[in-house]
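Visitor: sequence plus predicted model, see below.
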Amino acid sequence: MMQGDARIPCFDIAKGIGILLVFLGHAGIPYGGAIYSFHMPLFFLISGYFLSSRESFAQYAARRTKRLALPYLLTALAGTAGMVLYAALADCGVSATTVLWERALANLYGLGWDYTLPFTGTHIESAGVIWFLPALLLALLTVKFCQRFEYPFLVVLVVSTLACISVKWAMLPLSIQAGLNASLFAYIGYAAGACGFIRSRVFLSLWSMAAALAVWAISVAAVGSMGLSICSYSNPLVNIIAAVCMSGCVMRFSMLLGRAGIIGKVLAYLGANTLFLFCFHAFMQAVLWDYSPEFHIHPITWESPTARLLSYVLAPIAALLLKDGLMRVWKRR
């Protein structure tokens, strides 16, 4: 993550850990519920930490929209093209026209889970992991907008709560409710940055981190996990506290890994490129039909745990290395 013109390694390391957890969670490793209890809130917290209070809302909105909306659009189009091509060439039981229509609806709604529209009964397929991009944009814009109020935290809390409640009646396009709900995590990150919390004695104390880890473990064991993409909580208050506690532990651990040589550097490299990794991972979800129409499954997919790990963990990293390698060759020309 950037501060001024320099990156702060511990934040990149934390994001690197987070993106690996995303890959592993989607690859179906055991105890995935523990991962889902904090890995997406971690990204909202970190993004909120660096939310600028100096820019006007219009300036900030323009910059963040360009940063997040374009990758969403390009990834959605690339994934749709891959699914349509496979449907056209393979005997998968679904026509290319059907796939195109279903992916158009999926990309419009940008949800992290399948959903059936009320009244019409129209089925909306999951857009995959890229639900995160419009949700992050809206969460940050919500926090930025709420800075103008005398008590911004209370406004964010109300907005987040109403978004969570509203999903019981209808889901809105482009992960609107997920973004509004996650604005609470973005605001907590923003508040931590504003008060310099990660430099405080409380945060740097290993005892406090041990206590935070215990709170997280007990919370997950007692009440379970959450589904941030669909505003689903087993216990909202406990889930939020657990997510913040474990995110803090990841940040503290990242500070220690910053001194660990090659491990810290590799994780920081991945963390500095999470946008690309997110988008490529979403593309792989599409071309391998992990969220396919009517759950028709690609033949190379998911009978083998090894295939899942290769496709969801190693493939995005290999693509990143290839991209950076080609860019270095291009710059030398």
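Guide: Received it, and whenever you're ready, just let me know what you need. All values derive from a computational prediction rather than experimental measurement.
Visitor: after the helix or strand encompassing residue 13 comes which helix or strand?
Guide: Element membership for residue 13 (DSSP states H and E) is helix 9-26. Downstream of helix 9-26, the next assigned helix or strand under DSSP H and E is helix 32-36.
Visitor: CA atoms of that following helix as CSV?
Guide: Extracted in CSV, the C-alpha atoms of helix 32-36 (Å, rounded to 0.1, in the frame of the first residue of the first chain):
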residue,chain,number,x,y,z
GLY,A,32,-12.5,-22.8,5.0
GLY,A,33,-15.0,-21.3,7.4
ALA,A,34,-12.2,-19.9,9.5
ILE,A,35,-10.8,-18.2,6.5
TYR,A,36,-14.2,-16.7,5.6
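Visitor: list the helices and strands it packs on?
Guide: helix 9-26 (3 or more Cβ pairs under 8 Å, 6 or more residues apart in numbering; DSSP states H and E). Placement of C-beta: from N, CA and C, glycine included.
Visitor: by contact count, what packs against the helix it packs on?
Guide: Secondary-structure packing of helix 9-26 (3+ Cβ pairs under 8 Å, 6+ apart): helix 32-36, helix 39-49, helix 236-257, helix 262-272, helix 274-287.
Visitor: residue 87 is nearest to which of those?
Guide: Among the helices and strands packed on helix 9-26, helix 274-287 comes nearest to residue 87, with 11.3 Å by Cβ to Cβ.
Visitor: quick one: the helix or strand following that closest one to chain centroid distance?
Guide: The element immediately downstream of helix 274-287 (helix or strand, assigned by DSSP H and E) is helix 305-309. Distance of helix 305-309 from its chain centroid, counting by Cα atoms, centre = their mean, to the nearest Å, is 21 Å.
Visitor: next: stretch 125-143.
Guide: Worked out by Cα atoms, centre = their mean, stretch 125-143 lies 8 Å from the chain centre.
Visitor: skip the chain neighbours and tell me the closest residue to residue 53.
Guide: Nearest residue to residue 53, sequence neighbours excluded (Cβ to Cβ, 6 or more residues apart in numbering): residue 147, at 6.3 Å.
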